[in-house]
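Colleague: Structure here, sequence nowhere to be found:
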């Protein structure tokens, strides 16, 4: 029950972070609360570690007779997770289709330089602009898919009865460890993509519009408080300088030709688009983080020879969750990164 | 062991204390104390008697709305007339309006004035005070600051600095009693109830074994309750928490009723009223009704399906313990004077605006925890009911209460993530500044309404459907026959479950959503009446075919049938769009949902208390007190809510802190009779509120010296009546589960077509393992 209390304090601590009115003293409480959550989890795990034997109650009611109870509950849990992401996607769809995209606002010429217009700027527009910008997301996709495979391999070896226990321990630890590393890779690349960015070697720059750095989304100004977002995509002068200019069949071009629009750089309020992007992918990131914490424990348990064919099912339950997280990413990726 | 338990207990209580105290310190927007207490905090920190402040020009008794000229001044201190800067002042008044009369004084708000830069050069200032138009004991608090304003302005002109404080009182023309701050009343009442709860707890412990009434025995006993995973104990915890919050919500309702008893009352300010109805709604739905339901579900579902415990006992304990802390978060705002004031619906964009109280953030955070709790509960019950039924119990042999819990949890489980995500979005909007519902950034407030009501409407069925289950059990037992139309009952409940997801639009008829959707939800809402009607007629037919025994729980059930049917009929007014536009946000709505939630859920669960209390505690309740509770409760309840229909048709608006009556035709005022009806409602409300203490007294009395209950006092035939009262732990031996042979079987004990199909799809673990070997 310490678990429970730990999590209460965690959310309580969240409350203290008053966003803009940053109160530095509250950060200590956030960490204290996190520590209590970890404490609760440790107690939970200690009970699990010391628990030997494989009491796995079987279902008695139709239609699940003979199936592990916990397996049914994991599936039911995933049902609610499904609804969580459905709600996030409905938010996304509402705003994606309900707010005019920045590109069409820019091309329609319905803006004046220096005044912010509200429009929807999908993160995909920035990310899909260059092969290198999309690289972290693409690598992440493969990392997750491969990690789904490694977790299944871990389960397979844990379940194999005709395997020496030492060999099994080694293999299971290795595969679970690989899954952990891939999951951490996923989050690290995400941080690079969001906050850090990365440089490109000279010879690749020509494939990246002559630019030698890939800017992070943060550096691009794609932020939840970006009420005056400016980007060179929406700058007539920049477009003219960089050769390709403005497409001639846009209304903006016609207006500028006719002299009714003076051109310049459009300023946009993209707070809604950024909120949707960061919160949806962030929720997925939190799921991955939860997976990492679980994986670390499982790898530790495996390394001490904790998995036998009798209790290997718990790897399976984790696997179900992990496959779900993977699947969600496969849907998030095209919607938020490509399209 | 004992030492360890003691330590655990101490740590836990320290944590709880910390949680209670710390938020109330931080979340107050202006700090713990207002300026009126701390004085000029810009200078010296202690008062000095050398400075003598004075106020002149105040009357002993004021006249209504008259303007007085007041001179505030001081003598003494380091101030020197030959220097440029001499001092300053700050004046606060509890009522009326202060205004500066020249450029030496500035106004902070209608209650506060202070000197300006130019006003630094003198020791007396003139301000005007307009007295209030009603009777108040007015208090003035003056701080004056005397400085040695070093002629050259060195040290900022304030080396040598002393200040002092003066309070002055002015009486109204008519003597009034000192009035209590409603917050103080509420907080006191809650604290007193909590203390009573603690004493009851200690007393219960004392009664269990008078000889061992020492800390040494108490620590492990309480630690056991705090860390239990037994479904019966967790159920009891839910039950106690639910009753406690029912009382807290009731106290708030009573304060609302005091405010509305007479027109133009000012017991609560508009601002306080907003918080009180918000928290009344949230408390009653999430902290009273749901825990009561979960309490009975925890107790009865495993017993009814013949399972040793719930599928995931530890998770079950966690979903309970998320609730009290969530509740603390929800209430933190009130304790610090700025609770959520958004209504329980928390409509955007107000909920994310800066004008909404700071407590709203905590209120949202608390609800996020309740969402987590409900999700865990949902996993647990769905799994338990799906997989842990005793051998021989097919889907269609489950008792109807179990069916109702299954359907309620399924509805809750599928809808609450939408609410959770909505809440998280609001939370992030309020905390880190995302823009989901910020209209200026293109956010759509209607999206919140959609997410909220997509959850909100199933939620109201989630609280009513378990009551249906209880009523079915009680009616069948009391009529001494099996329920009429068992299958149609199940299908009707499932039908309500399905339809509940597509009716929510009727909450938003006036929001300007798509007319097509309005029309669709109008039709589906009307459709809800069909399964509900089937259920009502089945209950009537059950009584018709049986011979009814009038016990207290039977009486509450009959009461339920009357009030719920009335509530259902008034509900049929709302899906009609034209009618709804007229009745929207009026007391007609208030009357309707109290008829279904109190007359439905609460009456249903009172029936459940009288029905299952002997099973849970092993003691019989007093029938006479029970009948008294029913008679007083039922009559005062109807006297309380029935007149609200009339007020609603007259146009009395809900969520308004007061109303006015007139004998003439006037816009926005009610006919003169409305005042009388409101007073009648308030009186009935108090009777209804106190009638519930009869039940509490009854429970305490029976726990102390009640008769021992037999295993099956009412002649019920589901599994829970086959074990002892109270049941053993684990409730059934996992290696020797009971087998359902002939528990009044409703259908042949064979899997149906669908079950056979599922059985073929499901590959059991044993079979796969055999395949491996």
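Modeller: That came through fine. Predicted model, so just to flag it, every value in this text is computed and none were measured. Numbering: from 1, shown residues only, chains lettered A, B, ... in the order given.

Colleague: From here on, just use CA atoms for contacts and neighbour counts.
Modeller: OK.

Colleague: residues contacting residue B:49?
Modeller: Residues in contact with residue B:49 (C-alpha atoms under 8 Å, 6 or more residues apart in numbering or on different chains) are residue B:164.

Colleague: Now do the SS call for it.
Modeller: coil (DSSP: H, G, I helix; E, B strand; the rest coil).

Colleague: Tell me where the longest helix sits in chain A.
Modeller: Longest helix in chain A by number of residues (criterion: DSSP state H): helix A:271-303.

Colleague: Buried ones in that one, by neighbour count?
Modeller: A:271-281, A:283-285, A:287-289, A:291-292, A:295-296, A:298-299, A:301-303 (16 or more other C-alpha atoms under 10 Å in any protein chain shown).

Colleague: which among those are in contact with chain B?
Modeller: A:271-272, A:275-276 (C-alpha under 8 Å from any C-alpha of the partner chain).

Colleague: got the residues you listed as CSV, with distance to residue B:494 and pLDDT columns?
Modeller: Compiled in CSV, these are given as follows (distance: C-alpha to C-alpha, whole Å; pLDDT from 0 to 100):
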residue, distance to residue B:494, pLDDT
A:271, 42, 88
A:272, 38, 90
A:275, 38, 90
A:276, 35, 91
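
Colleague: From the chain's centroid, how far away is the longest helix of chain A?
Modeller: 7 Å (C-alpha atoms, centre = their mean, to the nearest Å).

Colleague: Mind checking the pLDDT average for the helix or strand following it?
Modeller: Next along the chain after helix A:271-303, taking DSSP states H and E as the criterion, comes helix A:313-333. The pLDDT scores in helix A:313-333 average 91.

Colleague: Show me where the stretch 151-300 of chain A dips below the pLDDT cut-off.
Modeller: Regions of the stretch 151-300 of chain A meeting the criterion pLDDT under 70 cover residues A:205-210, A:243-245.

Colleague: Chain B contacts on that one?
Modeller: So the stretch 151-300 of chain A meets chain B at A:224-225, A:227, A:269-272, A:275-276 (C-alpha under 8 Å from any C-alpha).

Colleague: for the closest residue to residue B:398 other than its chain neighbours, what are its contacts?
Modeller: Spatially, and ignoring its direct neighbours in sequence, residue B:398 is nearest to residue B:305 (6.8 Å; C-alpha to C-alpha, 6 or more residues apart in numbering or on different chains). Counting by C-alpha under 8 Å, 6+ apart, residue B:305 makes contact with B:385, B:388-390, B:393, B:398-399, B:402, B:719.

Colleague: does residue B:642 really touch residue B:593, like I thought?
Modeller: No - using C-alpha atoms under 8 Å, residue B:642 makes no contact with residue B:593, being 11.6 Å away.

Colleague: one step back: tell me the pLDDT at the residue nearest to residue B:398?
Modeller: Confidence score, pLDDT, at residue B:305: 87.

Colleague: Now do the one helix or strand residue A:139 maps to against helix A:313-333, angle only.
Modeller: For residue A:139, the host element (DSSP H and E) is helix A:135-159. Using axes from the mean of the first three to the mean of the last three C-alpha atoms, to 10 degrees, one finds that helix A:135-159 and helix A:313-333 are set 160 degrees apart in direction.

Colleague: in whichever helix or strand comes after helix A:135-159, what's buried?
Modeller: Scanning forward in sequence from helix A:135-159 by DSSP H and E, the next helix or strand is helix A:165-191. Buried residues in helix A:165-191, defined by neighbour count with 16+ other C-alpha under 10 Å: A:165, A:168-169, A:171-187, A:189-190.

Colleague: Check which helices and strands helix A:165-191 sits against.
Modeller: helix A:135-159, helix A:271-303 (3 or more C-alpha pairs under 8 Å, 6 or more residues apart in numbering or on different chains; DSSP states H and E).

Colleague: any idea how far the helix or strand following it is from the chain center?
Modeller: The helix or strand immediately downstream of helix A:165-191 is strand A:198-199, counting by DSSP H and E. Taking C-alpha atoms, centre = their mean, one finds the center of strand A:198-199 at 21 Å from the center of the full chain.
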